[in-house]
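*Asks:* quick check, what structure comes out for this input:
(one chain, ligands or ions: 1)
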Amino acid sequence: MILEVKNLQKIYTTPFSKKPPMEAVKDISFQIKPGEVYALLGPNGAGKSTTIKMIAGLIHPTSGKILLGGKELGKDVSVYKSLSAVLEGTRNVYWRMNPLENLHYFANLRGVSSKIVSEKADKLLTELEIDAKKKNQSQHLSRGMLQKLALGVALITDPKIILLDEPTLGLDVSSSRKIKEKIKYLTKEEGRSILLTTHQLDLVEEIADRVGIIRAGKLVVEGTLTELKSVFKTSIYRAKLRGVWKPDKKIISKFSIKIRNEQQGLTEIDLDAKSKKGSFEFLDYINKSSLELVSFSKLEEDLEEIFLRVLETK
Ligand code: ATP
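*Replies:* Okay, here's the model as predicted:
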């Protein structure tokens, strides 16, 4: 395991205030393997940023342990050399310096020599498509360019694990694609690990190997997308019917039928057949009616549906 988070807890207290202590993270444990993209999801205020900030060493856990490559964070400062973080977009970029100077400055601060930075910088800036602006003051870069520079600054130190908070938020289609490809390359080709927090579920579906869902400071569900899809499997079908659609109330409630669209003699409905057997019962009902079945298909669960269901039920 490259990263192990064990029974992590964070209670925020506000000194000299009557505010009660706030337990933002309650006993969270998870692990990340080399080459893996792990996405931490959860509604606003669930405790994702608090967790990621504790891993980045920006705030101290109230209790629990974080191990990087088997070594405990906080006890051995050298462990941080193998970790980089891009939190809240562009914070790890110094605005008065140009991109090239930023790479040198932050790499030097973390003990990487200028010689090594010079060898890598041009390739990295070209890959991130900010090489044309490498001598412009960073404050004049666009938001997307700053975001990419922040990633460059994180990568120049050759980290084994990278923490990324909303890496593609606000990026144009092409920049967003580049970042996704880069994430895939960093993990699948170079064996680095990425801990990602985002609200962009399509990004998660595209690049995450495993997903953990946090709710009110607790990790309530964890698994690969395939595992989550099988656990939260539903039997929702979509049918398109031609003819006069007038089913009795019993059928509507039995299959929890929802009408999606009704026009020109065609009715599109979603139904919960509960099981394969149920789907045949519905087809039998249609067969005995005067309706013609135009199409009938099972809906694939997407991550958004799973996410909402987890929050409703867990
Ligand atoms: P979002 O998706 O909105 O970014 P999040 O999952 O990252 O949310 P956190 O920022 O970790 O959530 O916040 C978790 C809880 O801790 C929230 O109730 C928040 O108000 C509280 N909190 C965060 N930072 C502090 C702080 N410095 N002092 C006190 N409470 C805090």
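*Asks:* isn't residue 56 up against residue 83?
*Replies:* Yes. Using Cβ atoms under 8 Å, residue 56 is in contact with residue 83, at 7.0 Å. To be clear about C-beta, it is placed using only N, CA and C from the backbone, and glycine gets the same treatment.
*Asks:* now do the shared contacts for those two.
*Replies:* Residues touching both residue 56 and residue 83 by Cβ atoms under 8 Å, 6 or more residues apart in numbering: residue 163.
*Asks:* in terms of neighbours, single out the busier of these two.
*Replies:* Just comparing residue 56 and residue 83: by other Cβ atoms under 10 Å the higher neighbour count belongs to residue 83, 24 against 19.
*Asks:* what residues are up against that one?
*Replies:* 55-57, 68, 159-163.
*Asks:* can you check residue 98 too?
*Replies:* 133-138.
*Asks:* buried subset of the residues you listed, written for PyMOL?
*Replies:* Those of the contacts of residue 98 that count as buried under 16 or more other Cβ atoms under 10 Å are selected in PyMOL with:
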select buried, resi 133+134+138
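*Asks:* now flag whichever of the contacts of residue 98 is closest to the ligand.
*Replies:* Proximity of these to the ligand (Cβ to the nearest ligand atom) peaks at residue 138, which lies at 24.6 Å.
*Asks:* can you tell me the closest non-neighbouring residue to the closest one?
*Replies:* In this structure, residue 138 finds its nearest non-sequential neighbour in residue 95, 5.1 Å apart by Cβ to Cβ, 6 or more residues apart in numbering.
*Asks:* what about residue 171, neighbour count?
*Replies:* Residue 171 has 20 neighbours, counted by other Cβ under 10 Å.
*Asks:* revised request: answer the last question for residue 247.
*Replies:* Neighbourhood size, residue 247 [other Cβ under 10 Å]: 17.
*Asks:* so it touches residue 257, yeah?
*Replies:* Yes. Residue 247 lies in contact with residue 257 (Cβ under 8 Å); the separation is 7.2 Å.
*Asks:* so for stretch 233-242, what gets flagged as buried?
*Replies:* So for stretch 233-242, counting by 16+ other Cβ under 10 Å, buried means 234-237, 239-241.
*Asks:* which non-adjacent residue is nearest the residue sitting furthest away from the middle of the chain?
*Replies:* In the chain, counting by Cα atoms, centre = their mean, residue 290 sits farthest out from the average C-alpha position, at 47.2 Å. Of all residues not flanking residue 290 in the chain, residue 243 sits nearest, at 5.6 Å (Cβ to Cβ, 6+ apart).
*Asks:* which residues does the one you found contact?
*Replies:* Contacts of residue 243 (Cβ under 8 Å, 6+ apart): 265, 289-292.
*Asks:* what do you get for residue 224?
*Replies:* 209-211.
*Asks:* repeat that for 10 Å
*Replies:* 208-211, 230 (Cβ atoms under 10 Å, 6 or more residues apart in numbering).
*Asks:* between the contacts of residue 98, which sits nearest residue 23?
*Replies:* Nearest to residue 23 among these, counting by Cβ to Cβ, is residue 138 at 37.9 Å.
*Asks:* thought the closest one was touching residue 147?
*Replies:* No. The criterion here is Cβ atoms under 10 Å, and residue 138 misses it with residue 147 at 11.5 Å.
*Asks:* for residue 175, see how far away residue 140 is.
*Replies:* Distance of residue 140 to residue 175, computed by Cβ to Cβ, to the nearest Å: 17 Å.
*Asks:* which of those two has more neighbours?
*Replies:* Shown here are residue 140 and residue 175; by other Cβ under 10 Å, residue 175 has more neighbours (20 against 11).
*Asks:* and that one, its phi and psi?
*Replies:* phi -70, psi -40 (degrees, to the nearest 10).
*Asks:* skipping adjacent residues, who's closest to it in space?
*Replies:* Using Cβ to Cβ, 6+ apart, the closest residue to residue 175 is residue 144 (4.8 Å).
*Asks:* how about residue 68?
*Replies:* In this structure, residue 68 finds its nearest non-sequential neighbour in residue 79, 4.7 Å apart by Cβ to Cβ, 6+ apart.
*Asks:* and stretch 261-278, how far apart are its ends?
*Replies:* The straight-line separation of the ends of stretch 261-278 (Cα to Cα, to the nearest Å) is 22 Å.
*Asks:* and this protein, which of its residues are near the ligand?
*Replies:* 12, 22, 24, 42, 44-50 (Cβ under 6 Å from any ligand atom).
*Asks:* ranges for the helices of the stretch 151-300 of the chain?
*Replies:* Assigned by DSSP state H, counting those that start in this stretch, the helices in the stretch 151-300 of the chain fall at 173-184, 201-207, 225-231, 249-254, 276-288.
*Asks:* typo on my end, it should be the stretch 1-150 of the chain
*Replies:* Going by DSSP H, counting those that start in this stretch, the stretch 1-150 of the chain shows helices at 48-55, 99-109, 114-127, 143-155.
*Asks:* same list (these) but as a markdown table, adding mean pLDDT and mean neighbour count.
*Replies:* Shown next, in a markdown table, are the helices of the stretch 1-150 of the chain (pLDDT from 0 to 100; neighbours: other Cβ atoms under 10 Å):
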| stretch | mean pLDDT | mean neighbour count |
| --- | --- | --- |
| helix 48-55 | 94 | 23 |
| helix 99-109 | 92 | 20 |
| helix 114-127 | 92 | 15 |
| helix 143-155 | 90 | 23 |
